[in-house]
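In: here is my input; please provide its structure:
(2 chains)
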Amino acid sequence: MKHRIGAGGCGAIYAYVHFAMEVACFSWLRSAGFDAAEAWTFSLAYDALAFLPQIAFGMLADRFPKLRFGPAGLLLLLAALLSPWRIPAFLALTVGNCLTHVAGAEATLRGARGKMGPAGIFVGGGSIGVITGQLLAAHGGTLLRWLPIALLLLALAAVTPLQSLRDPLETAEGFHAAAPRGDGTLILLTLLTVIFRAYVAYAIPTAWNKTEWQSLLLFVGMGLGKALGGILADRLGARRTAVGSLLLSLPFLALGNERMILSLIGVALFSMTMAISLGVLVTAFPERPGYCFGVTTVGLFLGTLPAFFYRPTGAAQTVILIALTLAAALLFAFTAKNREEDK
Amino acid sequence: MIFALDVAVAPMVIGSLAIFLGIAAAIALAVVLIVVGCKRHKKKKTAAQEAVKNKEADSL
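Out: So this is what the prediction gives:
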């Protein structure tokens, strides 16, 4: 008989794996010695190679659930950190990132028993890893070389037995977050909400963010918001949480340019919908959690892409912030539903 | 004019062009995969519904 890991436990373990992976990726990217022009190109290439192929790897993971993407991804990340060659290391880093993300999302959604909390906890771990990796690159000294490797080895030790404990044929049944719309409509509109939200993240005014401690708080706020969003959606309902948190975030974000506390509350509220988008898709496609996760990562890339060419400032920043946040809230009102609506 | 391209600048231009074309192709492929995944799911769901209907008809 297979042992089962608790939904929350699985989310927590993969939140750590996500954290370790982002520490490895961002400490490497920030310490690879790119000049300004190279940094722009490599950031764009990194986002494209780390986000877009996740749809393909996700579909593969759905089709062949016995494939061990988690350990394979972590081994690739370790190879990237140990590689003396920059381009092969960069490619191993992006593919390792893809595989580890897909494995984490698959395992978390399949073991969640219809709860969005574990997925929220899983995605939340990544935000804290991004800033930790950047700070490590800036101040890590000798730790920069060894800490990411140690974190990845610990993640590998956690993931390898976890995958054999799981029933690979378990589907992600039990989610009740999607309104009764056509499959294509749900995919398209959820993709749009993710694109809007990803681009709006670059329109959030944060003039207060001047020190590294403040940046750390910003990313921690983001991570906590993502985790809390999933947990609250399980208690209050997906639609209520998604629409409420987006609308409530607007005044905090708009007035928080110079006020750190207001802005942090706004950022946490704004980040709450990550797990809900995933919950909406998995409700409609319960046997394809990898595909659903891939759709959201394609949306993340498409929303991030314009920010490489145009980052709004001044009045345009406020207009984009309000317009796209309202549009995302409206789309959630149409695509998400609260659990009690089933009865 | 492409023929007037500075020899020193050419690799950079070609490199940037390759990156942009690669990204455009990857986006197109990702969109195709999203559509294919959605259609496959729909087909499977319809087949399952048909099977249930046939079973019900047989039992009647």
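
In: next to chain A, which bits of chain B? Give me the list.
Out: Residues of chain B found near chain A (C-beta under 8 Å from any C-beta of the partner chain) are B:16, B:19, B:22-23, B:26-27, B:29-31, B:33-34, B:37-38, B:41-42, B:45. C-beta: built from backbone N, CA, C; applies to glycine.

In: and those, which are buried?
Out: B:23, B:26-27, B:30, B:33-34, B:37-38, B:41 (16 or more other C-beta atoms under 10 Å in any protein chain shown).

In: tell me the contacts of A:Gly141?
Out: Residues near A:Gly141 by C-beta atoms under 8 Å, 6 or more residues apart in numbering or on different chains: none.

In: can you confirm it is in a helix?
Out: No. Remark: A:Gly141 does not belong to a helix; assigned using DSSP: H, G, I helix; E, B strand; the rest coil, it is coil.

In: got phi/psi on it?
Out: Backbone torsions for A:Gly141, taken as degrees, to the nearest 10, come to phi 60, psi -130.

In: wait, A:Ala50 sits on A:Leu99?
Out: No. Using C-beta atoms under 8 Å, A:Ala50 makes no contact with A:Leu99, being 10.4 Å away.

In: ok, the residues of chain B next to chain A vs A:Phe57, which is closest?
Out: Nearest to A:Phe57 among these: B:Leu33, at 10.4 Å, using C-beta to C-beta.

In: check what pLDDT the most centrally placed residue in chain B gets.
Out: Nearest residue to the geometric centre of chain B (C-alpha atoms, centre = their mean): B:Val32, 2.0 Å. Looking at B:Val32, its pLDDT is 96.

In: do the same with B:Phe3
Out: For B:Phe3, pLDDT reads 50.

In: quick one: which of A:Ala50 and A:Leu99 has more around it?
Out: Per other C-beta atoms under 10 Å in any protein chain shown, whichever of A:Ala50 and A:Leu99 has more neighbours is A:Leu99, with 27 against 20.

In: how about the strand or helix carrying that one, which residues are buried there?
Out: A:Leu99 belongs to helix A:86-110 when assigned by DSSP states H and E. Burial within helix A:86-110, assessed by neighbour count using 16+ other C-beta under 10 Å, is assigned to A:89-110.

In: ok, A:Glu341 - how many residues close by?
Out: 12.

In: dump the residue contacts of it.
Out: A:Gly237.

In: so stretch A:55-66, near chain B or not?
Out: Yes. Using C-beta under 8 Å from any C-beta, stretch A:55-66 reaches chain B at A:55-56, A:59.

In: which other residues reach that stretch?
Out: Taking C-beta under 8 Å, 6+ apart as the rule, stretch A:55-66 contacts A:67, A:69, A:98-99, A:102-103, A:105-106, A:168-169, A:287-295, A:297-298, B:29-30, B:33-34, B:37.

In: now the angle between helix A:86-110 and the helix or strand hosting A:Trp146, please.
Out: In the assignment (DSSP H and E), A:Trp146 maps to helix A:143-165. Interaxial angle of helix A:143-165 relative to helix A:86-110 (axes from the mean of the first three to the mean of the last three C-alpha atoms, to 10 degrees): 40 degrees.

In: by contact count, what packs against the helix or strand that helix A:143-165 is followed by?
Out: Using DSSP H and E, the helix or strand that follows helix A:143-165 in sequence is helix A:183-200. If you count contacts as 3 or more C-beta pairs under 8 Å, 6 or more residues apart in numbering or on different chains; DSSP states H and E, helix A:183-200 packs onto helix A:274-284, helix A:289-304, helix A:314-335, helix B:10-59.

In: tell me the most buried of those helices?
Out: For the helices and strands packed on helix A:183-200, the largest average neighbour count (mean count of other C-beta atoms under 10 Å in any protein chain shown) is found in helix A:274-284, namely a mean of 30.

In: so how far is that one off the chain centroid?
Out: Between the centre of helix A:274-284 and the centre of its chain there are 13 Å (C-alpha atoms, centre = their mean, to the nearest Å).

In: one more: stretch A:126-136?
Out: Computed by C-alpha atoms, centre = their mean, the chain-centroid distance of stretch A:126-136 equals 13 Å.

In: again with stretch A:244-256
Out: With C-alpha atoms, centre = their mean, you get 21 Å for stretch A:244-256.

In: same question for stretch A:23-42.
Out: For stretch A:23-42, the distance to the chain centre is 20 Å (C-alpha atoms, centre = their mean).

In: that stretch near chain B at all?
Out: Yes. Judged by C-beta under 8 Å from any C-beta, stretch A:23-42 and chain B are in contact via A:Thr41.

In: any low-confidence regions in the chain?
Out: With no chain named, the answer covers chain A. A:1-5, A:163-169, A:342-343 (pLDDT under 70).

In: meant chain B, my bad for not saying
Out: Counting by pLDDT under 70, chain B has low-confidence residues at B:1-12, B:60.

In: what's near enough to touch the residue lying closest to A:Pro88 once chain neighbours are set aside?
Out: Once flanking residues are discounted, A:Pro88 sits nearest to A:Ala80: 8.0 Å by C-beta to C-beta, 6 or more residues apart in numbering or on different chains. Applying C-beta under 8 Å, 6+ apart, we find A:Ala80 in contact with A:24, A:28, A:88-90, A:92-93, A:96.

In: how about the residues you listed, which pair is most distant?
Out: The distance between the two most remote of the contacts of A:Ala80 (C-beta to C-beta) is 15.5 Å, for A:Ala24 and A:Pro88.

In: of all the contacts of A:Ala80, which comes closest to chain B?
Out: Nearest to chain B among the contacts of A:Ala80 is A:Phe90, at 12.8 Å by C-beta to the nearest C-beta.

In: with adjacent residues omitted, what lies nearest to the closest one?
Out: A:Phe42 (6.9 Å).

In: residues in contact with the one you found?
Out: A:Phe42 touches A:29, A:32, A:34, A:90, counting by C-beta under 8 Å, 6+ apart.

In: lovely, talk soon.
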